[in-house]
Each structure stands twice: as C-alpha cells, then as structure tokens.
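*Asks:* The following comprises the amino acid sequence and a computationally predicted model.
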Amino acid sequence: MSPTRERRRPSAEDARDRAALARERRGRRSEEERRRTRAARPKPSARTRPNRQVEIRRRWVALLSVLTLVAVVYLLFFSSTLGVKDVSVSGSRSVSADQIRTVAAVPADTPMLRLSTGEIRDRVAAMAGIATVEVVRSWPNTVEITVTERTAIAFFDSGPGGDGVHLVDGGGVVFKTVSARPPGLPELRLPKVSADDPVTRAVTAVLGVIPEQLLKQVTTATAKTPASVEFTLSSGKIVRWGTAEQTDRKAKVLAALLTQEGKIYDVAAPELPTITS
C-alpha cells in the first residue's frame with residue numbers, strides 16, 4: 001500500500017496571513033482604481049479656473065445694470081426731463097384750440113408715462129361741440145389732442161320765452177345755441193329734441209343719408225314715430241319718407257315723382273309710391 005498523505009489543517013496563523021494578503025490586494029486594487037478615476041477626470045484648463053478679475057468685472061456689470069435700470073425708471077416716471085412741455089391741438093374749427101387746452105388741463109412737466117390720456121380725453125369729449133377725441137403721447141415732451149367737431153345737420157327754435165336757437169348734429173345731439181336761425185339748415189319741428197329720443201334720432205338719421213341735392217331743398221322735418229319721417233321742401237311740397245332704410249331707392253323714386261304735379265309725395269314704401277294733390 002502507498003503511503004497516505006495527511007492533509008495539514010490550516011492553522012489560525014495561516015488564516016490571518018491569507019486575510020492580510022487579501023486586504024493588501026484589495027488595497028492595491030482600490031488605489032489603482034482611484035488613480036484611473038483621477039486620470040479620467042478632465043484637467044481644469046486656464047479658462048475654467050476661477051479668475052478673480054473676471055468675477056470682479058461681473059459684479060461691476062451687475063451693479064451698473066441695476067443703477068442703469070433705476071436711472072431709467074426715475075427718468076420715465078419721476079423726472080420732468082421727459083415731462084409735458086407742449087399740448088398740440090388739431091381738428092378744431094369753431095371750438096378754439098386754447099379752449100380745448102384749458103378743458104384738457106394737461107399738467108405741465110408731469111412725466112409722460114404718468115399722464116392719464118383717458119381722463120384728458122373724457123374732459124375734452126364732454127365739451128358741447130366735440131364729437132370725438134383722440135389723445136396720444138408724442139415723445140419726448142408733447143401731448144397731441146385730435147378732435148372731430150360736431151356738424152350741425154338741423155336746428156330747432158325753442159320759441160318765445162325759450163333760450164334761443166339750438167344746433168343739432170346727425171346723432172340728435174343738441175350741442176350749441178345760436179342767436180339766429182342758421183341759413184341752409186332744416187328746422188326740426190318735434191315735441192322733443194334729444195339724443196335720447198327715438199323720433200329725434202330717426203329724423204336726423206334720414207337727414208344724414210338723403211342726397212345733398214335733396215337736403216338743400218328741405219326746410220322743415222318732422223315725425224310722429226321713428227318710421228314716419230316727413231319733410232317739407234322749399235317748393236312747399238311734402239315728402240313722406242318713412243325710415244332711413246332704402247335711401248338710394250327712395251331718392252330715385254322721389255326724383256321721378258317730383259316731375260309730376262302733386263302736393264304730398266309718399267316714398268315710405270318705394271315699391272308702391274303715391275302722389276296726393
């Protein structure tokens with residue numbers, strides 16, 4: 001029989017040696033991994049390294065930006081440098097520009113951005129002879145006010161004991177009182193003349209759309225309802241016009257009818273016109 005080799009059982013000392021060897025190997029591997037990781041990292045270049053001068057420059061730029069913003073805000077909202085120096089008025093004819101400036105009451109030297117153009121517009125629009133108003137800022141120092149005045153399309157006389165002759169525009173607005181009857185304008189003969197009155201608005205609407213050549217012949221206009229507008233011509237003939245609709249057709253029919261003898265010409269229904277002697 002061959003001799004049997006007897007395996008030597010590892011001693012405690014051998015186990016400690018193996019553990020120490022394993023730790024040493026792990027330490028070498030960890031150190032190698034750390035070196036490889038450091039080698040893989042990008043080295044900071046001169047451009048990416050913090051630069052004190054660049055940082056100081058950035059801080060100065062930020063400070064100057066803030067100061068510039070504060071200066072601009074002060075200039076626009078609190079300084080008179082960009083304040084109102086002039087008020088320009090255009091479109092006025094019968095209403096004087098000075099009167100409009102007085103009513104507008106634009107505060108001098110007030111910063112342009114702090115002006116309330118809406119309030120200025122409302123003050124001017126409340127004037128009797130003004131139909132529309134536009135207020136704009138014209139930089140650096142001018143406020144421009146553009147107005148459209150009301151145009152008289154008729155008048156009415158308040159009669160004995162009244163307060164005179166009143167001009168009325170195409171919307172039925174009574175906007176001016178004059179001392180005498182204006183030539184060339186028809187007279188409104190209505191129980192009430194007001195922009196709030198439907199009959200007034202109907203009559204002035206008709207006068208505003210009929211051909212100018214016909215309007216020149218109208219001496220008086222009246223109505224009992226908004227659909228029963230009629231007017232008298234300088235020849236004494238009476239025209240029953242009805243509403244402001246179908247103006248062109250009614251005008252053509254009336255032009256043909258006026259070539260015939262008659263007293264009352266009814267074109268309220270232009271497809272069925274009539275003449276009454």
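*Replies:* Cool, the structure landed.

*Asks:* Please enumerate the helices of this protein.
*Replies:* 12-40, 52-77, 97-104, 117-125, 198-209, 212-215, 247-257 (DSSP state H).

*Asks:* Verify the contact between residue 176 and residue 128 for me.
*Replies:* Yes. Counting by C-beta atoms under 8 Å, residue 176 does reach residue 128; the two are 6.1 Å apart. Backbone N, C-alpha and C define where each C-beta goes, glycine included.

*Asks:* And those two? Which one has more around it.
*Replies:* Comparing residue 176 with residue 128 by other C-beta atoms under 10 Å, the one with more neighbours is residue 176, at 20 against 12.

*Asks:* Could you list the low-confidence segments of this structure?
*Replies:* Scanning the chain with the threshold set as pLDDT under 70 gives 1-15, 17, 19-50, 74-75.

*Asks:* For residue 70, grab the count of nearby residues.
*Replies:* 10.

*Asks:* Against residue 109, how distant is it?
*Replies:* To residue 109, residue 70 is 21 Å away according to C-beta to C-beta, to the nearest Å.

*Asks:* can you pull the contacts of residue 237?
*Replies:* Residue 237 sits next to 258, 262-265 when contact means C-beta atoms under 8 Å, 6 or more residues apart in numbering.

*Asks:* filter those to the buried ones?
*Replies:* Buried members of the contacts of residue 237, counted by 16 or more other C-beta atoms under 10 Å: 258, 265.

*Asks:* and the contacts of residue 237 as CSV, adding distance to residue 204?
*Replies:* Supplementary listing: these in CSV, determined by distance: C-beta to C-beta, whole Å:
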residue, distance to residue 204
258, 23
262, 26
263, 25
264, 22
265, 21
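
*Asks:* List the ones among the contacts of residue 237 that fall in strands.
*Replies:* 264-265 (DSSP state E).

*Asks:* related to what we said a few turns ago, find residues that contact each of residue 176 and residue 128.
*Replies:* residue 150.

*Asks:* quick one: which of the helices of the chain is nearest residue 231?
*Replies:* With distances scored as C-beta to C-beta, the stretch of the helices of the chain nearest to residue 231 is helix 198-209 (7.7 Å).

*Asks:* quick one: contacts of that closest one?
*Replies:* Contacts of helix 198-209 (C-beta under 8 Å, 6+ apart): 153-154, 168-172, 186, 188, 190, 192-195, 215, 218, 221-227, 229, 231, 241, 243-244, 247.

*Asks:* before we move on, what about stretch 172-181?
*Replies:* Stretch 172-181 is contacted from outside by 94, 128-129, 150, 152, 155-157, 163-169, 187, 193-195, 197, 200-201, 203-204, using C-beta under 8 Å, 6+ apart.

*Asks:* Mind checking which of those residues are buried?
*Replies:* Buried members of those, scored by 16+ other C-beta under 10 Å, are 129, 150, 152, 155-156, 165-169, 187, 193, 200-201, 203-204.

*Asks:* contacting residues for residue 90?
*Replies:* Contacts of residue 90 (C-beta under 8 Å, 6+ apart): 144-147.

*Asks:* Let me fix that, I meant to ask about residue 215.
*Replies:* The contact partners of residue 215, by C-beta under 8 Å, 6+ apart, come to 186, 207.

*Asks:* and it, how far is that from residue 265?
*Replies:* 16 Å.

*Asks:* and stretch 157-164, how far apart are its ends?
*Replies:* End-to-end distance of stretch 157-164: 6 Å, with C-alpha to C-alpha, to the nearest Å as the criterion.

*Asks:* same deal with stretch 169-184?
*Replies:* Stretch 169-184: ends 14 Å apart by C-alpha to C-alpha.

*Asks:* and the helices of the chain, which is most packed in?
*Replies:* Highest mean neighbour count among the helices of the chain (mean count of other C-beta atoms under 10 Å): helix 198-209, with a mean of 21.

*Asks:* Measure how it sits relative to helix 247-257, angle-wise.
*Replies:* 70 degrees (axes from the mean of the first three to the mean of the last three C-alpha atoms, to 10 degrees).
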